[in-house]
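Trainee: Kindly generate the corresponding structure for this input.
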Amino acid sequence: MKKQIFATVLVAGILSPLFAFGNVANASTKPTLKPSVSYNSGKISFKGSASNANVKKVVIKKGSSKFATATLKSKKFTVSKTYSGKNNFTVYGTSKAGKKLTKSYTIKSSQYVTATPTYYSIDRSQSGKTIVKLYAENEKNVTFYTKFNGYDYSGFAESGLGTITYNYPANDYTLSAYAVAKNKEASATVDLPEVTNGQGQTNPEILPF
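Mentor: Model (predicted):
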């Protein structure tokens, strides 16, 4: 009987520190956020979820200035605000009293601004035509908007590579382009090179598709 009692006490003595260590580890785990961003109709939208119900609010900063706040419901948040720009943002979660509970998460401009397009090729080998292949890196569902000698043209591409044909005879021309991907802000506008009539040019900085 004494041996049995001793064994029970010994096992309990060994396991107790292990259980205590597990409780300490769990208590020190920080809540986390899963933020995301989108852009549509002149508004930037942030949404996401928190891992812990203690996170009551989300703070969104542009640089050092507070841009927006959101209250969580069922550990989820969403907030939209009119915005035009290409800044990075930081997002973090707080308690109801404003104490920071999570780390800061960076929302990069590339997550909501369409990549600036460039040309893959410009073909003027056919009389009276200029065929331009445009490329927006890592984008999908893109509309390319161009201005050729003052005339507006556009074309849609499910991938980041789109083709626009200008049936416009001209010895000289000016050509600019920008792109808008689904749920993203418009890219910057870029001027494209002039290619001599009757010739073609491929962008040496882009690998063949």
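Trainee: what about Gln111, how many residues close to it?
Mentor: Neighbour count of Gln111, defined by other C-beta atoms under 10 Å: 15. No exception for glycine: its C-beta is placed from N, CA and C like everyone else's.
Trainee: again, but for the one 4 residues further on
Mentor: Taking other C-beta under 10 Å as the neighbour definition, Ala115 ends up with a count of 18.
Trainee: please begin residue numbering at 17 from this point
Mentor: Yes, from this point I'll number from 17; that puts the last item at Ala131.
Trainee: so it sits right up against Lys156, yeah?
Mentor: No - Ala131 is beyond contact range of Lys156, at 10.9 Å (criterion: C-beta atoms under 8 Å).
Trainee: Give me the common contacts of those two.
Mentor: Shared contacts of Ala131 and Lys156, defined by C-beta atoms under 8 Å, 6 or more residues apart in numbering, comprise 176, 197.
Trainee: Give me the most central residue, this protein.
Mentor: Gln127 (1.2 Å; C-alpha atoms, centre = their mean).
Trainee: can you give me the helices for the protein?
Mentor: With DSSP state H as the criterion, the chain has helices at 18-43.
Trainee: any idea of the pLDDT on Thr110?
Mentor: As predicted, Thr110 sits at a pLDDT of 98.
Trainee: bridging residues for it?
Mentor: Here Thr110 shows beta-bridge partners Lys73, Lys116, assigned using DSSP bridges.
Trainee: Which parts of the chain belong to which domain?
Mentor: Domain ranges of the chain: 49-127, 134-216, per automatic domain parsing.
Trainee: Of all the ones you listed, which one comes closest to Ile222?
Mentor: domain 134-216 (5.5 Å; C-beta to C-beta).
Trainee: looking at the domains of the chain, which has the lowest confidence?
Mentor: When mean pLDDT is averaged over each of the domains of the chain, domain 134-216 scores lowest at a mean of 93.
Trainee: Determine how far it lies from the middle of the whole chain.
Mentor: Distance of domain 134-216 from the chain centroid (C-alpha atoms, centre = their mean, to the nearest Å) equals 24 Å.
Trainee: Now distance to Ile222 too, for the domains of the chain, in JSON lines please.
Mentor: Putting the domains of the chain into JSON lines (distance: least, C-beta to C-beta, whole Å) gives the following:
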{"stretch": "domain 49-127", "distance to Ile222": "18"}
{"stretch": "domain 134-216", "distance to Ile222": "6"}
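Trainee: quick revisit: from Ser52, how far out is the residue nearest to the centre of the chain?
Mentor: Distance of Gln127 to Ser52, computed by C-beta to C-beta, to the nearest Å: 8 Å.
Trainee: shared neighbours, those two?
Mentor: The contact sets of Gln127 and Ser52 do not overlap (C-beta under 8 Å, 6+ apart).
Trainee: before we move on, the earlier item: OK, contacts around the residue nearest to the centre of the chain?
Mentor: Going by C-beta under 8 Å, 6+ apart, Gln127 touches 52-53.
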